[in-house]
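In: Here is my input, please return the structure:
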Amino acid sequence: MDSGSKRFEVSLYNKDVRKMLEQNKDHPNFNRDWAHLQFFTYEGETENDILEQVRKKYPERKGFVIDKVMEIKEYEFVKPVGRRS
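Out: As a prediction, the model looks like this:
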């Protein structure tokens with residue numbers, strides 16, 4: 001990951017698959033898993049970069065709905081309090 005990139009977790013589902021699952025039918029192109037939230041990790045500089053990547057791969061016209069985009073923060077580990085080394 002380069003210095004300008006950040007990591008984001010994206011959750012999305014397919015509304016058409018959900019609708020067909022409610023009718024106990026299968027979608028002709030996507031499996032039933034798409035009725036539930038799917039989680040993916042993307043890298044980019046901004047949330048808008050990520051949205052552009054996701055929309056390109058999972059277009060709204062095919063029933064995909066982006067639920068959330070959250071930046072994954074990198075945490076620095078510190079020594080626990082009270083321990084000596």
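In: Whichever strand or helix holds residue 71 pairs with which strands, parallel or anti?
Out: In this assignment (DSSP states H and E), residue 71 forms part of strand 64-72. Sheet pairing for strand 64-72, assigned by DSSP bridges, gives strand 6-14 (antiparallel).
In: And the pLDDT for the residue sitting nearest the centre point of the chain?
Out: Nearest to the mean C-alpha position of the chain, by Cα atoms, centre = their mean, lies residue 10 at 1.8 Å. Residue 10 is assigned 97 on the pLDDT scale.
In: Show me the shaky parts of the protein.
Out: The chain contains residues with pLDDT under 70 at 1-3, 75-85.
In: same thing but at 80, please
Out: 1-4, 74-85 (pLDDT under 80).
In: circling back to that earlier point, so who does the residue nearest to the centre of the chain touch?
Out: 39, 40, 41, 42, 50, 54, 66, 68, 69 (Cβ atoms under 8 Å, 6 or more residues apart in numbering). Just so you know, the C-beta spots here come from the backbone N, C-alpha and C atoms, and that holds for glycine as well.
In: quick one: which of these is nearest residue 16?
Out: For those, the minimum distance to residue 16 (Cβ to Cβ) is 14.7 Å, reached by residue 66.
In: what residues are up against that closest one?
Out: Residues in contact with residue 66 (Cβ under 8 Å, 6+ apart) are 10, 11, 12, 51, 54, 55, 58.
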